[in-house]
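In: Kindly generate the corresponding structure for this input.
(3 chains)
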Amino acid sequence: MNAAAWTCLLLPLASAVAITIAGTRIPRRTAAYISTATTMGAFAAAVYAFVVMLGESPEQRAHATTSWTWLSAGAYHFGVTLLTDQLSIMMMLIVSGVGSLIVAYSVGYMDGEDEERRYFAYMSLFVFSMLLLVQGGNLLLLLAGWGMVGLSSYLLIGFYQERASAIAAAKKAFVMNAFGDATMALALFLLIQHTGRLDYAGVFAHSPHGGAIANLIALGLLGGALAKSAQLPLHTWLPDAMEGPTPVSALIHAATMVTAGVYLIARCHTLFENAYVVRDLAAGLGAATLLMAGLIALVQTDIKRVIAYSTMSQIGYMFVGVGVGAYPNGMFHLMTHAFFKALLFLGAGIAIHAVVGEQDIRKLAGVGKLMPFTKIVFLIGSLALVGIFPFSGFFSKDSILASALAAGWYGQVLFAAGMVGALLTGIYAFRLYFIVFTGEPSAFAREHFHKHHGQEGPLSMRWTVALLAVLAAVAGWLQFAPLWHPLTTWLAPVAAPTVEPTNTQEWVTSILGVAIGLAGIAIAWAMYSAKRIKVPKPVTLFERKFYWDELYDALFYRGGELVTQAFSSLVEKPLIAGSLSAVTGAFGLGSRELGLAQNGLVRSYALALTSGIAVLAVVFLAAR
Amino acid sequence: MANFLVWVVWFVAAFACLASALAVVSFRNPFYSALALIGNLASLAVLFLLLSGEFVAAGQVLVYGGAVMVMFLFVIAYLGDRTEDSPRSGGPSWQVVGAVLAGGAILAEVIVVVGLTAGGFLSKPQQITRGFGSPEAIGRLFLTDHLLAFEVTSIVLLVAAVGGVVLGSHARQLESSGDARA
Amino acid sequence: MRGPDIQWYVVLSALLFTTGALGVLLRRSPLIILLSVEIMLNSANLLLIAFSRLHGREDGQIFAISVMAVAASEVVVGLGLIVALGRRHIELDVDKLRTLRG
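Out: As a prediction, the model looks like this:
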């Protein structure tokens, strides 16, 4: 069990190191295969650990293994501890499983790319970092993994180094995540101060209940979660992160990294239960985000941006889930979302790959007619996204909303927001589907579409997408809350839900969710496919992404500029630079003035002598 | 009567001294300045005699007048006609002012000192014997109390002689090698 | 003592010294400057002899003889320099001889 845990964690790291050291000595394909093989190996190890765990009784399932003591200072000891329990094994399976599929997909997608080796090294690094995050047995390792996934995200967003927009996006992502890292670190400081430890069991047992400190700790953790999961107000980096290659967007910015915030809240739910205000805040921000992102997605014209805002919106759902206390439901939606969102991204990737990298949906219009396979899988993904029975999103998303309904008046407000969000999801998801994958191909698509060896895309891209389509279709059947809920039972020892919706609420929510989703699809169909309703002019507010970028620019960038300019002109130039030039000026002045006496004329030296003698004589005589 | 004569001699000598000194610093032709200095030295020798310094007076005439001034006249003759067009310092005008002031200050100081503090003190010269200032007395002092000064002075003269030879030979070497830097 | 008292000699010496000093400061030819230095040295000699007479001891005269010897040496070296300058046809003008300029 412990060996399996270490294998799972270290295989991707070994791959990253090996590819980096081997450098250009290995062919590009080899680097791709190394990365794919190690990620699949990590998945195999995770599966093995899971199987072993199935055979154990619930109390036995938490395995902690410490390798060595990392930090030791006075009374504080922090070790390199891996924790393999019900929650982390779920995340390990998702990360390594979906990760393997996406890395395998990349073999075809990145084929022929000059920097292919660097890409796969970074991907392996990312998988390792994410596994470290979820397998870490104490908050310190979680923070280490947290930072490293931020680094991997930066490296991969900015993969196309020649593009200034990519570099800028990478920096933006990193800086915003750094802010979240800082708040998390502050929370950890408070925890150390008040409990003296960072391992999960100890922290959860000893952290303060209620009060300002508990609120601050939870707030700090929430800050990190908001930044990593791109929720309001730290969300502006996610759409820009689409500058990275499409598999990166799928893996990091849909399936795994951005869900780390949800994982954090689920894992540290005790700390959030000690600070109900902050937990409610998390749910509220999730709801606000899901609405805002849904509105913005209605007017986006870049296929990846639509899916990115969709991700933001769906993570909002997850935040609502864990925010009201339905941790297993939130995690369940995390899992299904990983499948169908990766499917959507990778399917879009096939289309992008086939039409010379074009991402504008107006130019890609109708390409579905030329790519039937992609059209089908994209349809499956979109249906799962909207939450239509029997696809996976139905089971997970509606269970979250049912839990919200059961969580008091505040939960009911969130429920309403979630339903509106479902309508928006239906509209924007099928707007995308109808524009790109139905109807006649645009002139651009017809002109630039090219097949790959007679097929829509390379084999590696097709089989991975097909597998994801199957998962997106059937994974939801794992849990249907009113009838069977093995996942909740599985996770209960680690993250027991604090709210239990009644069966009535569950059924009502499910039926309502499907109905509203279908209504959204119908509206989209009427606007974009049948063209019965005229498409309204895009609302500027949505197009400008609610002006968040402009706000941050004015607040932080301009503000920072003002401060530095003030310092430069008031402090640096006069005082610091000025003092230096004053010193040199004084020296120059002094030497110039004194130098007047050194004119080489004997007579002036003699005059000086004479004057000196005269003065001395007066002094001597006065002294007598 | 003898006192009166001494006064007259003193005034003549003093006048000649000052006049020749002023002549030295005023003449444009260095030859004339050198001749004026000879006059200055001679009048000073007279004053020494009045002060009973016979040996010193003789030495003044022999050494200064007979050796130093001859050297001067040789060099001036060798250098040729160097009559200056504008002998005064062409330098900054403040030099002139400063120089005059400095000179005047020294003069004033000395006169004040003399007048105020040493007035009574200076008017009581000691009684002296016949042998005062004679070669015998000087020689005895040189070889007893001031032997060190005597020896050191001779070394100084040696050094000067060597220096003169070096300066002269160096110049001759360069000239013979055709170096004519102006 | 017959004739003027010592203070007369002192005043004369001062006047001579001032004259010599003015010559050093105000003349351009190094020859004249050297002659003026001689005047200053002689004025010091006069003072020495005068005070030697006042105190009735010949020590002042010994000092004066040493001064004479040193003055002679200094004239030798100074004239040697001037002759060297003259040989190189450098203009004998202290305003132009400024290589000591710092």
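
In: Off-centre distance for stretch A:114-123?
Out: Remark: stretch A:114-123 is offset 20 Å from the chain centroid, using CA atoms, centre = their mean, to the nearest Å.

In: same deal with stretch A:86-98?
Out: How far stretch A:86-98 lies from its chain's middle: 17 Å, per CA atoms, centre = their mean.

In: again, but for stretch A:575-586
Out: 49 Å.

In: so how far is residue C:71 from the spatially most central residue of chain B?
Out: Nearest to the mean C-alpha position of chain B, by CA atoms, centre = their mean, lies residue B:41 at 6.5 Å. Counting by CB to CB, to the nearest Å, the gap from residue B:41 to residue C:71 is 11 Å. The C-beta positions use only the backbone N, C-alpha and C, and glycine is treated the same way.

In: Also residue A:498?
Out: Separation of residue A:498 from residue C:71 (CB to CB) stands at 116 Å.

In: since we're on residue 9, how many residues are nearby?
Out: Going with chain A. 24 (other CB atoms under 10 Å in any protein chain shown).

In: Switch to chain C, please.
Out: Quick note: residue C:9 (other CB under 10 Å) scores 24 neighbours.

In: what do you get for residue A:245?
Out: Neighbour tally, residue A:245, other CB under 10 Å: 22.

In: Assess the claim that the residue nearest to the centre of chain B and residue B:61 are in contact.
Out: Yes: with contact defined as CB atoms under 8 Å, residue B:41 reaches residue B:61; the gap is 7.1 Å.

In: shared neighbours, residue B:41 and residue C:71?
Out: The contact sets of residue B:41 and residue C:71 overlap at residue B:64 (CB atoms under 8 Å, 6 or more residues apart in numbering or on different chains).

In: returning to that earlier point: between residue A:498 and residue C:71, which one's more packed in?
Out: Using other CB under 10 Å, the more surrounded residue of residue A:498 and residue C:71 is residue C:71, with 20 against 16.

In: I'd guessed that one sits against residue C:35; true?
Out: No: Residue C:71 lies out of contact with residue C:35 (CB under 8 Å); the separation is 11.5 Å.

In: quick one on the thing from earlier: so how far is the host helix or strand of the residue nearest to the centre of chain B off the chain centroid?
Out: Secondary structure from DSSP states H and E places residue B:41 in helix B:30-50. Put simply, helix B:30-50 sits 8 Å off its chain's centre (CA atoms, centre = their mean).

In: and if you look at stretch A:508-519?
Out: The chain centroid and the centroid of stretch A:508-519 are separated by 29 Å under CA atoms, centre = their mean.

In: pLDDT on it, on average?
Out: Averaging pLDDT along stretch A:508-519 yields 90.

In: Name the surrounding residues that touch that stretch.
Out: With CB under 8 Å, 6+ apart, stretch A:508-519 has contacts from A:386-389, A:394, A:397-399, A:401-402, A:405, A:415, A:419, A:422-423, A:425-426, A:501.

In: how about a cut-off of 10 Å?
Out: A:383, A:385-389, A:393-395, A:397-406, A:415, A:418-427, A:429-430, A:480-482, A:501-502 (CB atoms under 10 Å, 6 or more residues apart in numbering or on different chains).

In: Buried subset of these, written for ChimeraX?
Out: This is the ChimeraX syntax for the buried subset of those, where burial follows 16 or more other CB atoms under 10 Å in any protein chain shown:
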select /A:383,385,386,387,388,389,393,394,395,397,398,399,400,401,402,403,404,405,406,415,418,419,420,421,422,423,424,425,426,427,429,430,480,481,501
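
In: residue boundaries of the helices in chain C?
Out: Secondary structure of chain C, counting by DSSP state H: helices at C:6-26, C:30-55, C:59-87.

In: Format those helices as JSON lines; extra columns: distance to residue A:177.
Out: Putting these into JSON lines (distance: least, CB to CB, whole Å) gives the following:
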{"stretch": "helix C:6-26", "distance to residue A:177": "82"}
{"stretch": "helix C:30-55", "distance to residue A:177": "84"}
{"stretch": "helix C:59-87", "distance to residue A:177": "83"}
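
In: and the ones you listed as TSV, adding distance to residue A:84 and mean pLDDT?
Out: Shown next, in TSV, are those (distance: least, CB to CB, whole Å; pLDDT from 0 to 100):
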stretch	distance to residue A:84	mean pLDDT
helix C:6-26	102	85
helix C:30-55	103	93
helix C:59-87	100	92
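
In: could these be laid out in TSV, adding distance to chain A?
Out: Shown next, in TSV, are those (distance: least, CB to the nearest CB, whole Å):
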stretch	distance to chain A
helix C:6-26	5
helix C:30-55	7
helix C:59-87	12
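
In: Quick one: name whatever helix or strand follows the helix or strand hosting residue A:311.
Out: Counting by DSSP H and E, the element that carries residue A:311 is helix A:303-324. Next along the chain after helix A:303-324, taking DSSP H and E as the criterion, comes helix A:327-354.

In: what's downstream of that next one, the next helix or strand?
Out: helix A:372-386.

In: Can you name every helix or strand that the following helix or strand past that following helix contacts?
Out: For helix A:372-386, the following helix or strand on the C-terminal side (DSSP H and E) is helix A:392-405. Packed against helix A:392-405 by the contact rule (3 or more CB pairs under 10 Å, 6 or more residues apart in numbering or on different chains; DSSP states H and E) you find helix A:276-297, helix A:303-324, helix A:327-354, helix A:372-386, helix A:408-437, helix A:459-474, helix A:486-491, helix A:503-524.

In: let's go with 6 Å and repeat that
Out: Judged by 3 or more CB pairs under 6 Å, 6 or more residues apart in numbering or on different chains; DSSP states H and E, the packing partners of helix A:392-405 are helix A:303-324, helix A:327-354, helix A:372-386, helix A:408-437, helix A:503-524.

In: if we can go back for a sec, by contact count, what packs against the next helix or strand after the helix holding residue B:41?
Out: Going down the chain from helix B:30-50, the next helix or strand is helix B:54-59, by DSSP H and E. In terms of contacts (3+ CB pairs under 6 Å, 6+ apart), helix B:54-59 is packed against helix B:30-50.

In: Could you measure from residue A:119 over to residue A:29?
Out: As judged by CB to CB, residue A:119 and residue A:29 stand 12 Å apart.

In: can you check residue A:126 too?
Out: 20 Å.

In: between those two, which one's more packed in?
Out: residue A:126 (27 against 13).

In: list the buried ones in the host helix or strand of that one?
Out: Using DSSP H and E, residue A:126 falls within helix A:116-135. Buried residues in helix A:116-135, defined by neighbour count with 16+ other CB under 10 Å: A:116-135.

In: Thought residue A:476 was touching residue A:395, still the case?
Out: Yes: Residue A:395 is within contact range of residue A:476, at 3.6 Å (criterion: CB atoms under 6 Å).

In: Just the CA trace of stretch A:6-24, in CSV.
Out: Taking Å, rounded to 0.1, in the frame of the first residue of the first chain, the C-alpha atoms of stretch A:6-24 are listed here in CSV:
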residue,chain,number,x,y,z
TRP,A,6,5.2,6.2,-3.3
THR,A,7,5.3,4.7,-6.7
CYS,A,8,2.3,6.6,-7.8
LEU,A,9,3.9,9.9,-6.6
LEU,A,10,7.4,9.4,-7.8
LEU,A,11,7.0,7.9,-11.3
PRO,A,12,6.0,11.1,-12.9
LEU,A,13,8.8,12.9,-11.1
ALA,A,14,11.3,10.4,-12.4
SER,A,15,9.9,10.9,-15.9
ALA,A,16,10.3,14.7,-15.6
VAL,A,17,13.8,14.4,-14.4
ALA,A,18,14.7,11.8,-16.9
ILE,A,19,13.4,13.8,-19.9
THR,A,20,15.1,16.9,-18.6
ILE,A,21,18.5,15.3,-18.2
ALA,A,22,18.2,13.3,-21.4
GLY,A,23,17.5,16.5,-23.3
THR,A,24,18.0,16.4,-27.0
